[in-house]
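In: Build me a model from this:
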Amino acid sequence: MKTSGIYIFSLFSFIMGVTACSDNDEVDCRGAIQTIQTQLQESDLLKSSVVEGDNYVLSFETKTVELPANTVQSLTTNPDEWKSILTFIDGSSYTIPSVGTSIDKLVTNVIVNPSGYNPLSAYAVMNLPALGRMKMIVHSKDGHRTPDIEYFFKSIEKGQTVTILGLYPDYKNKVTLVYTDKDGKERARSTIHIQTEKLKNPNLPKKTNVVTADISRMEPGMNLISSPGESEADTAIPYMIDADGEIRWTLDWVNHPELNHIDIGCGLSRMKSGNYLHGDGYRDKLVEVNTLGEIVKSWDLRAMGYSFHHDAAENADGKLLATVSNISAKLANGKDIRYNDYMIELDPVKSQITQVWDLAAMIDSSRYQLTDPSLPGAAFGQTQSNWAHNNALIGIGNDYLATIRFQGICKFNHAGGVKWIISPHQGWRDKYQNLLLKPLHADGSPITDPDVIAGVKSGDDFDWPWGAHTAVPLPNGNVMVFDNGYGRNFVLARFDDQSLYSRAVEYEVNEEQRTVRQVWQFGKEGGHKYYAPARSGVQYLPQTGNRLFCPGMENNLSDGSTGGRVVEIDPATGQVIFELEISYAVYQRARRITLYPDNL
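Out: Now for the predicted structure:
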């Protein structure tokens, strides 16, 4: 919310104009005047007045002030204008801010899409009579399951610009604005209507289908979809979808002077500031944008010697983490480039890289399997240069968790010391064997089948992650990851092979015993319905404990087309709480987040 102007109450004209309080009238009302001044400075609005005996009693929101009745000629209240005119017996007057009945006239302007990049947003410009807060409610369509969008802004200034998010496209939206005192007690409310245009970006999904939505059991929030557009060569188009399959927020950067070719990689992640961090793979930058899509700050990675790929996020300590490529890095032959195998930590204030991690110095860079170029989807496969394909980096306590598509999941410390690796054991050279966790059966007994350990076959109660994305730590200390299933058991198959599947899987790691046990999974039973050979992700949902399973491409959808899904699961029962199908447009990541950050 933007603010402007602090309401300053000057009593100079009040005191000078109240000649009824002069010595000639033999009435001393200076104390009463000072009390009124105090109430106005406290942003206390006048509620009512009454004559009681020799006194004129003014009742403010929190206190009563008495004036000598013989000094007052009249008090006229205009609730539409939120003011009262106090007139004294000599004809002088003073305006007192007063409680009104409607805030219609306090809304001085409504601007749809104020930034030019978020067509489902608006500004409501407010001119308030006294300091106070604003609450906004965007009402859901009749018959829809999605709850109304409500947000209580923190600003208490007189001049406020209320940021309205979550409008429906091509619709006359009903929005309620609520004006409260500084403590949140309602003063009045009004309803306005905001007409939006039809969304024009051709790369937004052509169709969505909500298969199921149990609102009472779902994690609150919207589904943030970070889509690259039609391809990774055009302008990325992030958007949010509600529980009814309606797009309620989007950033359309097609006409942005700096972001018009943005390739956002794994998409937007919310920062502590309430803004979003994303990486621009076209210009090789990290960029911070606000909820309206305006650039707040950017960091030029190319100038620091790196290109962006694939993921960027803010760590708990405020540093920025990103997966990148070193522009000058070469393979051991000294000729061919290698890429997608570096990670950096960046100080956003100083705009300086504070740590660099080279995966080739941490894990086995000789472990790769060349992909048959004639195989459909070969571009998603491993090569000698793209031997690692790191796609996610996240803090886990004082350590870090990297998801390396072709090598597994790796935990390491700030100095780059590897603590463990979850990966099929085949192909790792001897000096890395002590880093590989040993698999356990569900009952905790060791798996002894060498083929399961190597990864050439899957066990009944254990399997390794294949082509994985977005490993995340869970509150119980376990790790959850999206197992794409790409190249499972070292077999590369056509994407349309109906035996393929993806899953969300939870692993329990015992660092002392150097073991890993599979304790939960979802998706295998769904087969090709949930298969996504690349992209995709998982998320732990903290309010409900549910998990979000997000296969972002090549899913078999209900209407026979292909696309992506967002699936919310109750892990205790395995029941699907919410399932959304998105046709045509694939996405890199999907996350459940609140539409508004906590600090507007």
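In: tell me how far whichever strand or helix holds residue 481 is from the chain's mean position?
Out: Assigning secondary structure by DSSP states H and E places residue 481 in strand 479-483. Strand 479-483 sits 20 Å away from the centroid of its parent chain (C-alpha atoms, centre = their mean, to the nearest Å).
In: same check, this time on stretch 148-165
Out: 18 Å.
In: Buried residues in it, which are they?
Out: By neighbour count on 16 or more other C-beta atoms under 10 Å, the buried set for stretch 148-165 is 149, 151, 153, 155-165. C-beta here means a position set from N, CA and C on the backbone, and glycine is covered the same way.
In: hey, which helix or strand in this protein has the poorest pLDDT?
Out: In the chain, no helix or strand scores lower on mean pLDDT, DSSP states H and E than helix 12-17, which sits at a mean of 40.
In: give me the element residue 34 is part of.
Out: Residue 34 is part of helix 30-41 when elements are defined by DSSP H and E.
In: For that helix, what does the pLDDT average out to?
Out: The pLDDT scores in helix 30-41 average 72.
In: Quick one: name whatever helix or strand follows it.
Out: According to DSSP H and E, the helix or strand after helix 30-41 is strand 46-52.
In: I figured residue 230 hits residue 203, correct?
Out: Yes - under the criterion of C-beta atoms under 8 Å, residue 230 makes contact with residue 203 at 5.0 Å.
In: Pick out whichever of these two has more residues nearby.
Out: Comparing residue 230 with residue 203 by neighbour count (other C-beta atoms under 10 Å), the higher total belongs to residue 203, at 19 against 14.
In: what pLDDT, on average, does the strand holding residue 481 get?
Out: Here the average pLDDT along strand 479-483 is 99.
In: tell me what the helix or strand that it is followed by is packed against?
Out: Downstream of strand 479-483, the first helix or strand assigned by DSSP H and E is strand 503-510. Helices and strands touching strand 503-510, by 3 or more C-beta pairs under 8 Å, 6 or more residues apart in numbering; DSSP states H and E, are strand 418-422, strand 479-483, strand 515-522, strand 547-550.
In: What strands flank the helix or strand that the longest one is followed by, and is each parallel or antiparallel?
Out: Translated: strand 515-522. Sequence-wise, the next helix or strand downstream of strand 515-522 (DSSP H and E) is strand 537-540. Here strand 537-540 is paired, per DSSP bridges, with strand 547-550 (antiparallel).
In: what does the partner strand contact?
Out: Residues from elsewhere that reach strand 547-550, judged by C-beta atoms under 8 Å, 6 or more residues apart in numbering: 219, 480, 482, 503-504, 522-523, 530, 536-541, 564-569, 571, 587, 589-592.
In: If any of these are buried, put those into a PyMOL selection.
Out: Restricted to buried positions by 16+ other C-beta under 10 Å, the PyMOL selection for those reads:
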select buried, resi 219+480+482+503+504+522+523+530+536+537+538+539+540+541+564+565+566+567+568+569+571+587+589+590+591+592
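In: which sections of the chain are below the confidence cut-off?
Out: Scanning the chain for pLDDT under 70 picks out 1-33, 231-234, 585.
In: Got the domain ranges for it?
Out: Following the assignment in automatic domain parsing, the chain carries domains at 2-97, 104-195, 260-532.
In: Switch these over to TSV; also include distance to residue 210.
Out: As requested, those are arranged in TSV below (distance: least, C-beta to C-beta, whole Å):
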stretch	distance to residue 210
domain 2-97	35
domain 104-195	8
domain 260-532	16
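In: tell me the contacts of residue 558?
Out: 209, 211, 581.
In: hmm, 10 Å instead?
Out: Contacts were defined as C-beta atoms under 10 Å, 6 or more residues apart in numbering; by that measure residue 558 touches 209, 211, 529, 579, 581, 583.
In: As a markdown table, those residues with neighbour count, secondary structure and distance to residue 238 would be great.
Out: Shown next, in a markdown table, are the contacts of residue 558 (neighbours: other C-beta atoms under 10 Å; DSSP: H, G, I helix; E, B strand; the rest coil; distance: C-beta to C-beta, whole Å):
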| residue | neighbour count | secondary structure | distance to residue 238 |
| --- | --- | --- | --- |
| 209 | 15 | strand | 20 |
| 211 | 14 | strand | 23 |
| 529 | 16 | helix | 25 |
| 579 | 17 | strand | 21 |
| 581 | 22 | strand | 19 |
| 583 | 19 | strand | 18 |
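In: Pull the number of nearby residues for the residue nearest to residue 309 when sequence neighbours are not counted.
Out: Leaving out its chain neighbours, the residue that sits closest to residue 309 by C-beta to C-beta, 6 or more residues apart in numbering is residue 340, at 5.2 Å. When neighbours are counted by other C-beta under 10 Å, residue 340 registers 21.
In: Buried residues of stretch 312-326, list them for me.
Out: 312, 313, 314, 319, 320, 321, 322, 323, 324, 325, 326.
In: Let me have these in CSV, extended by distance to residue 44 and secondary structure.
Out: Formatted as CSV, those follow (distance: C-beta to C-beta, whole Å; DSSP: H, G, I helix; E, B strand; the rest coil):
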residue, distance to residue 44, secondary structure
312, 47, strand
313, 45, strand
314, 41, strand
319, 45, coil
320, 45, strand
321, 48, strand
322, 50, strand
323, 54, strand
324, 55, strand
325, 60, strand
326, 62, strand
